[in-house]
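A.B. asks: Take a look and give me a structure for this.
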Amino acid sequence: MKVLIVGGVAGGASAAARLRRLNEKAEIIMFERGEFISFANCGLPYYIGGKIAKKTALTVQTPGRFRARFNVDVRNFTEVMSINKEEKTVTAKNLITGEEYTETYDKLILSMGAEPVKPKIKGIDSSRVFTLRNIPDTIKIKKYIDEKHPGSAVVVGGGYIGVEMAENLKMAGLDVTIVELADHVIAPLDIEMSADVHRYMRHKGVGLILSNGVKEIEEDEEKLIIKLNNGEVETDMVIMAAGVRPETGIAKAAGIDVNAMGSIIVNEHMETSAEDIYAVGDAVEVTHFVTGAKAFIPLAGPANKQGRIAADNICGIKSKYKGTQGSSILKIFDMTVAVTGINERTARALGLNYDKVYNYTPSHASYYPGWTNMSIKAIFEKDTGKILGAQIVGFDGVDKRCDILATAIRAGMTGFDLTELELCYAPPFSSARDPVNMIGYVIENTIKGLVKNFHWHDVEKLPRDGSAILLDVRTPAEAARGKIDGFINMPLESLRANIDKLDRSKPIYVLCRSGQRSYIACRMLTGHGFDAYNLSGGYQLYESIINDRQASSS
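C.D. replies: Predicted coordinates for the structure are as follows:
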């Protein structure tokens, strides 16, 4: 059996290694138009920022080591120019010698990945405008910084790569500004969960220009002038991080089915519409695990799994890819942002019968030094409590909790199930009731009707004409530092003694800092005949959003 693989890195390299482990006699040829067949593309920004000191650390496998270990004929600096699916051949070009030749195959795996989007705007081809996809791109950016000593950079795009680049350019000593067309960075987050991220990034000295796009890049001897839809900004260099798109030109030209975005359409076995041709990684359309909808989710983990599954099926093992749920994590200086499943925007757009809860909880026991709060938002089915998505922002223990929730989604678990999880506990690591358990309790209380929630976006619509009671149960000192118009302060500790002073005929809306004390107040009020509602996420979430809006508009 002769298998050709077009492209290395996550999908192609994992497919080649798995093929060899399953079939010692197969002839395996891997084509890679660049120098490196397997490299840590997620680590590229950290070389620019100096966190990864040696360029060699980015190389997972060299062609020589890959040949020696897996007996794969690695042909780097070789680009596949075309595919003939009828004759089962590819035409390849050696980019060093210029030689073109034809290679036959029994099976073909396409793993071309995704390429950075370069908007068609004036000035995009300036030598001071960079994209980041591979090691040569990384070296080019690092060399420019080391030799030209730019003082500032603009990053166009606030996705994962854009934010990571902003951090690392800042660590390299540059003044950095992100320009993002959307109203918040990190698209998988809902806007309220991005507010703390924005505040932290500004605190770290990263400028944010949101809800604004680039129209033109004007170059002079000293500066680049970035002309925006609204205003302009000067800089020494630009990193284009406006997203990626599947690089599938040879597949389309060969008549292999692709979707409107250009992603190769595959079935659960990673088979394309063409016989004996498979596709994996960022080049393919996936099925979202939670919604069942078709999606484009370029992540390294799924690419590795897909490469393995393609190899399995080629070797007669009927493996299936069961969908991508978008689990991802991001380091922003000392902050961690993690997501899994769907966000609220998606749930709303699909018309799902969903609900949401927020929780602020310490990363470990609060009596043990070093704890920090983490913010958790969970999306769940309103009737069943089945977990649909989660977003976590914090500084410690975020990865652990999001991984648990990602596992819960894959297992079809509910909020009720989260309450029963027996998770590892010791004061330096967690609390007896882990943050994941706490999210489960909040979902359970919501579904069982033990608490009725209102949310940050409901606050402005609350009646302030006396037809409802707006109650703030924080301490007077907390209320003095900031309050919401119309809310009267009655600390939780004094509520029971003053409860008869409140009108039971009116609905009562209660807040505290995080939602925990106001939940206790709501249970107390409900027990005394009140129709009580708790501000989910509390004043802390509301204040974060309001402050972020003010900062973004200033």
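A.B. asks: Quick one: low-confidence residue ranges for the protein.
C.D. replies: Low-confidence regions of the chain, defined here as pLDDT under 70, cover residues 38-41, 59-60.
A.B. asks: doesn't residue 539 fall inside a strand?
C.D. replies: No - for residue 539, which was evaluated using DSSP: H, G, I helix; E, B strand; the rest coil, the result is helix, with no strand membership.
A.B. asks: So what pairs up with residue 245 in the strands?
C.D. replies: Going by DSSP bridges, residue 245 is paired in beta bridges with residue 115.
A.B. asks: list the contacts for it?
C.D. replies: The neighbourhood of residue 245, defined by Cβ atoms under 8 Å, 6 or more residues apart in numbering, consists of 114, 115, 117, 261, 262. (Each C-beta comes from the backbone N, C-alpha and C, glycine too.)
A.B. asks: out of the residues you listed, who's nearest residue 253?
C.D. replies: residue 262 (11.7 Å; Cβ to Cβ).
A.B. asks: ok, back up a step: going by neighbour count, which of the contacts of residue 245 comes out on top?
C.D. replies: Neighbour counts for the contacts of residue 245 (other Cβ atoms under 10 Å) peak at residue 114, which has 20 neighbours.
A.B. asks: quick revisit: now for the contacts of residue 245, which pair is the farthest apart?
C.D. replies: Of all pairs drawn from these, the widest gap by Cβ to Cβ lies between 115 and 261 and measures 12.7 Å.
A.B. asks: quick one: contacts for the closest residue to residue 314 other than its chain neighbours?
C.D. replies: Take residue 314 and drop its neighbours on the chain: the residue closest to it by Cβ to Cβ, 6 or more residues apart in numbering is residue 107, 4.9 Å away. Under the criterion of Cβ under 8 Å, 6+ apart, the neighbours of residue 107 are 1, 2, 3, 4, 276, 277, 278, 314.
A.B. asks: burial count for the residue lying closest to the second one once chain neighbours are set aside?
C.D. replies: Read it as residue 2. Counting by Cβ to Cβ, 6+ apart, the nearest residue to residue 2 once its immediate chain neighbours are dropped is residue 27, at 4.4 Å. For residue 27, the tally of surrounding residues (other Cβ under 10 Å) stands at 14.
A.B. asks: Now do the same contact list for residue 27.
C.D. replies: Listed by Cβ under 8 Å, 6+ apart, the contact set of residue 27 reads 1, 2, 3, 73.
A.B. asks: how about the helices of the stretch 51-200 of the chain, start to end?
C.D. replies: 63-70, 135-148, 160-171, 191-203 (DSSP state H, counting those that start in this stretch).
A.B. asks: of all the ones you listed, which lies closest to residue 267?
C.D. replies: Comparing the helices of the stretch 51-200 of the chain under Cβ to Cβ, the one sitting nearest is helix 63-70, at 26.7 Å.
A.B. asks: Could you list every helix and strand in contact with that closest one?
C.D. replies: helix 9-22, strand 73-76 (3 or more Cβ pairs under 8 Å, 6 or more residues apart in numbering; DSSP states H and E).
A.B. asks: Comparing the ones you listed, which stretch has the densest surroundings?
C.D. replies: For the helices and strands packed on helix 63-70, ranked by mean neighbour count under the definition mean count of other Cβ atoms under 10 Å, the leader is helix 9-22 at a mean of 24.
A.B. asks: which residues touch that helix?
C.D. replies: With Cβ under 8 Å, 6+ apart as the contact definition, helix 9-22 has outside contacts at 3, 5-6, 8, 26, 28, 30, 32, 37-39, 41, 60-61, 66, 70-72, 109, 111, 113, 278, 280-283, 300, 303-304, 306-308, 310-312, 314-315, 317.
A.B. asks: Narrow these to those in helices?
C.D. replies: Cross-referencing these against helices under DSSP state H gives 66, 70, 300, 303, 304, 306, 307, 308, 310, 311, 312, 314.
A.B. asks: now the first one: how far from residue 526?
C.D. replies: With distances defined as Cβ to Cβ, to the nearest Å, the gap from residue 66 to residue 526 amounts to 65 Å.
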